[in-house]
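> give me a model of this one.
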Amino acid sequence: MPIIQYRRPDAEAVQRLIQSGIHPVIARILAGRGVAEPESVALLLRALEQPGSMRDLEKAAHLVAECVLKQKNLFVIGDYDVDGGTATALLMDFLTQCGARVDFLIPNRVTEGYGLSPALVERAAAHQADCLITVDNGISAFAGVEAAKARGMMVIVTDHHLPGQGIPPADAVVNPNQPGCRFPWKSTCGVGVAFYLAAAIKKVLIAAGHPPVHGLDLGQFLDLVALGTVADVVPLEKNNRIFIRAGLKRLRQGTARTGLLALMRVSGISPATVQAEDLGFRLGPRINAAGRLEDMRVGVRLLLTRDAEEADTLAKKLHSLNGERQQIEAEMLEQALERAQQLLPEFAEGLPHPLTDEDAQAVQAPRILCLQDPQGHEGVVGLVAGRIKERTGLPTLVFAPGADAGVLKGSARSIPNVHIRDFLAEMDAQHPGLILGFGGHAMAAGLTVRTQDFDRFAQIAQALALQRIPFDALAHRVWVDGEIEADYCTLDLAQEIEAFGPYGNQFPAPLFIGTFRLLKSQRIGKDGQTLKMSVALDGAGRTGQPLQAIQFKRGEVPDPEPGDICRFLYTLSVNRFRGEESLQCIVQQVMEPVSTAVV
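Numbers count the residues shown, from 1 in each chain. Next comes the predicted model:
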């Protein structure tokens, strides 16, 4: 059972928001997420942070603009995830419209690995590249940058990942997380940095009187920025929420790029009602499938094409690849769960709380999980690590064989209280050579180890975790926005909650707790894992109107009976079906019945 914690928004902030005309429940939600003033609510595009404080941005813009004007050969060096793919497409499209000579390269995840490598430099050199521009990578590419410089190439690094020891010797490095950068929104992802670079290049080219940029609308790229920002699961600070809301507006207006409209069609998404969740859970995985299983160039081609027939073909290919990815993930997850259950003593489905450190030591409870799948696919290890982390509440690392013999590629997913990149950095400092390479941020990281070193790696990771991760940090805490009065539990409120999005990392979707009387229920779906219910809020001495509720992935547990009074953790949702909208409660968890119906 999770530990329920209530958000305690500042009462004065709530009142200011209510006085400005905001619904009391919405005011409570916003204030609980740090939105304290009415003027901070609108998320207008004109409030987007100006890029003047981003270190090296102006320098990079002048260098790239000079290459455009002199018709030098530019190559965008991308990454194989959605953030890298959208950033690649953005700069490719923008520079092409500027009249530049530009192409792109994205390393194959399996055969070439991550980022700007010396091997990738050789590929660029074969195409007579004069300037390389990295997007969503490069901050740790010392060898790649040095190889490019040795060949006389200009190198512009744009990235958002945390630097390691030092900064590579590029001609310009644009990264909000590098030392000395005063840009305030450190959570800007790779495609966001690329957008700012495009804006700066446009400004330089306008000053130079370059005709192609006159009338070039940067707004056309906001659908890409929104998709990459949501898919990369970066913290949704104000600037990122502005990006996402502006991008969603273009998608809903039907003015998004041809490839995204085609991908929405094969995904069953109506542009008019598309939400941030659709970008993260439906569009993003389909584009990611290209980089995981085949080649991210397929995804970039989809994002670049203006031909509707080609877009449909590529969208169907990505849809098929995603189905293949889902099958591989399911098989790997089954294997990983079996191994996790062997490592976790008597509590395989989540840790019992609260436990003291002494209790945890007594049962040798792991603080971190390191799992290896000898037949696994390295393109899916991150997804499996995330699933295991959600099931167990533990930071999880999953490894599979890499393309090179004797090497494992791993992916880590962490929890809010454990900075996984810093954890790996400490391991690397204490045991040089154990980790062949790593990178990432607080919640996710990638790494490479020798197959023969895996057991030693796992033992050292566990020992360090016992020192650095207090058991209390692993407690499964769920933050809720309190209860909703029956009169407020309406379709209008659900629509307002939706309108005040987007929601995501560090700006979570509102989660409520409430007491409900179960009127009726039934299991539905092919596997019978979905519980459909009719319920009524039960509180303050009165029962509300009947509501439709649904719980997915219910599992093999007994269902409450009609007449039972239960506590739910739930969200309010707008259910859309055949052009009609209705209120629906999405139940995250059914707590034990408060009282049971007398039969």
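
> which non-adjacent residue is nearest residue 233?
Closest residue to residue 233 apart from its sequence neighbours, by C-beta to C-beta, 6 or more residues apart in numbering: residue 505 at 5.1 Å. C-beta here means a position set from N, CA and C on the backbone, and glycine is covered the same way.

> didn't the one you found look like it was pressed against residue 232?
No - under the criterion of C-beta atoms under 8 Å, residue 505 makes no contact with residue 232, lying 9.2 Å away.

> just to revisit the earlier point, what number of residues lie near the residue nearest to residue 233?
17 (other C-beta atoms under 10 Å).

> list the contacts of it.
By C-beta atoms under 8 Å, 6 or more residues apart in numbering, the residues touching residue 505 are 233, 234, 235, 236, 443.

> in a markdown table, list those along with pLDDT.
Listed next are those as a markdown table, based on pLDDT from 0 to 100:
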| residue | pLDDT |
| --- | --- |
| 233 | 91 |
| 234 | 92 |
| 235 | 93 |
| 236 | 95 |
| 443 | 89 |
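
> turn these into JSON lines, columns for secondary structure and neighbour count.
As requested, those are exported to JSON lines (DSSP: H, G, I helix; E, B strand; the rest coil; neighbours: other C-beta atoms under 10 Å):
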{"residue": "233", "secondary structure": "coil", "neighbour count": "17"}
{"residue": "234", "secondary structure": "coil", "neighbour count": "24"}
{"residue": "235", "secondary structure": "coil", "neighbour count": "16"}
{"residue": "236", "secondary structure": "coil", "neighbour count": "23"}
{"residue": "443", "secondary structure": "coil", "neighbour count": "21"}
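
> and the pLDDT for the closest residue to residue 582 other than its chain neighbours?
Spatially, and ignoring its direct neighbours in sequence, residue 582 is nearest to residue 575 (4.9 Å; C-beta to C-beta, 6+ apart). Per-residue confidence (pLDDT) for residue 575: 93.

> would you state the helices of the stretch 301-450 of the chain in chain order?
308-343, 357-362, 381-392, 420-430 (DSSP state H, counting those that start in this stretch).

> spatially central residue in the chain, please.
residue 233 (2.1 Å; C-alpha atoms, centre = their mean).

> quick one, what contacts that residue?
The contact partners of residue 233, by C-beta under 8 Å, 6+ apart, come to 280, 443, 444, 504, 505.

> burial of the third one, as a residue count?
It stands for residue 444. Residue 444 sits with 19 neighbouring residues when counted by other C-beta under 10 Å.

> ok, for it, nearest residue in space, not its chain neighbours?
In space, residue 444 is closest to residue 413, 5.6 Å off (C-beta to C-beta, 6+ apart).

> so for that neighbour, what's the pLDDT?
In this model, residue 413 carries a pLDDT of 97.

> ok, it to residue 469 distance?
15 Å (C-beta to C-beta, to the nearest Å).

> swap in residue 44?
Taking C-beta to C-beta, one finds residue 44 at 42 Å from residue 469.

> buried residues in stretch 104-111?
104, 105, 106, 107, 109, 110 (16 or more other C-beta atoms under 10 Å).

> for the second one, what are phi and psi?
Listed backbone geometry of residue 105 is phi -130, psi 140, with angles given as degrees, to the nearest 10.

> separation between it and residue 559?
As judged by C-beta to C-beta, residue 105 and residue 559 stand 54 Å apart.

> tabulate the contacts of residue 505 (TSV), appending distance to residue 163.
Output for these, formatted as TSV (distance: C-beta to C-beta, whole Å):
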residue	distance to residue 163
233	20
234	17
235	18
236	23
443	17
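
> farthest pair within these?
Largest separation among these by C-beta to C-beta: 236 and 443, giving 13.4 Å.

> just give the number of residues close to residue 579.
Neighbours around residue 579, by other C-beta under 10 Å: 6.

> residue 146 too?
For residue 146, using other C-beta under 10 Å, the count is 16.

> on that earlier part again, of all the helices of the stretch 301-450 of the chain, which lies closest to residue 96?
helix 308-343 (16.2 Å).

> which positions in that closest one come out as buried?
Here helix 308-343 shows 310-312, 314-315, 317-319, 321-322, 325, 328-329, 331-333, 335-337, 339-340, 343 as buried, counting by 16+ other C-beta under 10 Å.

> that one - contacts with which helices or strands?
Applying 3 or more C-beta pairs under 8 Å, 6 or more residues apart in numbering; DSSP states H and E, one finds that helix 308-343 contacts helix 258-267, helix 284-293, helix 297-304, strand 369-372, helix 381-392, strand 396-401.

> to residue 531, which of those lies closest?
Ranking the helices and strands packed on helix 308-343 by distance to residue 531, with C-beta to C-beta as the measure, places helix 381-392 first at 19.5 Å.

> output that closest one in PDB, but only the C-alpha positions, please.
Taking Å, rounded to 0.1, in the frame of the first residue of the first chain, the C-alpha atoms of helix 381-392 are listed here in PDB:
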ATOM      1  CA  VAL A 381      16.500  -2.400 -22.200                       C
ATOM      2  CA  GLY A 382      15.400   1.100 -21.100                       C
ATOM      3  CA  LEU A 383      11.700   0.300 -21.400                       C
ATOM      4  CA  VAL A 384      12.100  -2.900 -19.400                       C
ATOM      5  CA  ALA A 385      14.100  -1.100 -16.700                       C
ATOM      6  CA  GLY A 386      11.300   1.500 -16.400                       C
ATOM      7  CA  ARG A 387       8.700  -1.200 -16.100                       C
ATOM      8  CA  ILE A 388      10.700  -3.100 -13.400                       C
ATOM      9  CA  LYS A 389      11.300   0.200 -11.500                       C
ATOM     10  CA  GLU A 390       7.600   1.000 -11.500                       C
ATOM     11  CA  ARG A 391       6.800  -2.500 -10.200                       C
ATOM     12  CA  THR A 392       9.400  -2.600  -7.400                       C
END
